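1. 3D, please:
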Amino acid sequence: MEMEFDVKVTTSALYDYLLYHTYTSFSGMIGTLVGVFLIMAFVSTKYVIYLIAGVVLIAYLPGALFLRAMQQVQNTPAFKQPLHYRMTDEGICVSQGENEEQQSWDNCVKAVSTGRSIILYTSRVTASIFPKKDLGEQKEALIQMISTHMPPKKVKIRF
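-> Residues are numbered from 1 along each chain as shown. Okay, here's the model as predicted:
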């Protein structure tokens with residue numbers, strides 16, 4: 001089985017990845033919980049500083065992540081042109097111009113989906129982002145490819 005497709009990493013796609021990656025991490029969850037507790041403290045004490053601190057904690061992170069996504073897309077040469085992916089039984093090959101990288105399926109850490117993307121982690125902090133809009137009708141074939149080559153416990157993709 002083999003498939004090929006191109007994806008363009010946009011600010012929107014990278015932001016989607018950063019949101020998922022941050023809010024599923026321990027620090028992202030703790031930050032949100034602290035913000036919620038501060039807002040609850042405001043409700044019971046009426047100290048406005050708790051409300052301000054809670055709102056800042058909850059609203060700051062998404063805004064900061066969006067700005068980071070914008071900067072990364074603007075400043076990363078690899079995001080200027082589409083990335084070409086070739087998925088085979090041996091692994092994943094990503095290329096752009098003269099550059100080409102191979103990754104075996106065994107080295108893939110996990111695969112997840114968000115509302116807008118399928119994310120294939122190639123390490124704990126690096127991933128290939130496949131925007132669903134770029135995949136079109138190949139989305140199901142990609143999910144099947146990933147599910148076939150990775151252990152079920154590593155695949156958390158919703159349709």
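2. The closest residue to residue 149 other than its chain neighbours: neighbouring residues, count only.
-> In this structure, residue 149 finds its nearest non-sequential neighbour in residue 105, 4.0 Å apart by C-beta to C-beta, 6 or more residues apart in numbering. (Each C-beta comes from the backbone N, C-alpha and C, glycine too.) Neighbour count of residue 105, defined by other C-beta atoms under 10 Å: 18.
3. Can you give me the buried ones in stretch 44-64?
-> 50-51, 53-54, 57-58, 61 (16 or more other C-beta atoms under 10 Å).
4. Could you pull up the mean pLDDT of it?
-> Averaging pLDDT along stretch 44-64 yields 94.
5. Likewise for stretch 94-108?
-> 92.
6. residues of that stretch that come out buried?
-> So for stretch 94-108, counting by 16+ other C-beta under 10 Å, buried means 94, 96, 103, 105, 108.
7. Out of the residues you listed, name the ones that lie in strands.
-> 94, 96, 103 (DSSP state E).
8. Now distance to residue 85 too, for the buried residues of stretch 94-108, in TSV please.
-> Below are the buried residues of stretch 94-108 laid out as TSV (distance: C-beta to C-beta, whole Å):
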residue	distance to residue 85
94	5
96	10
103	10
105	13
108	13
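9. just to revisit the earlier point, turn the buried residues of stretch 44-64 into a markdown table, columns for distance to residue 72.
-> Listed next are these as a markdown table, based on distance: C-beta to C-beta, whole Å:
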| residue | distance to residue 72 |
| --- | --- |
| 50 | 34 |
| 51 | 32 |
| 53 | 28 |
| 54 | 28 |
| 57 | 23 |
| 58 | 23 |
| 61 | 16 |
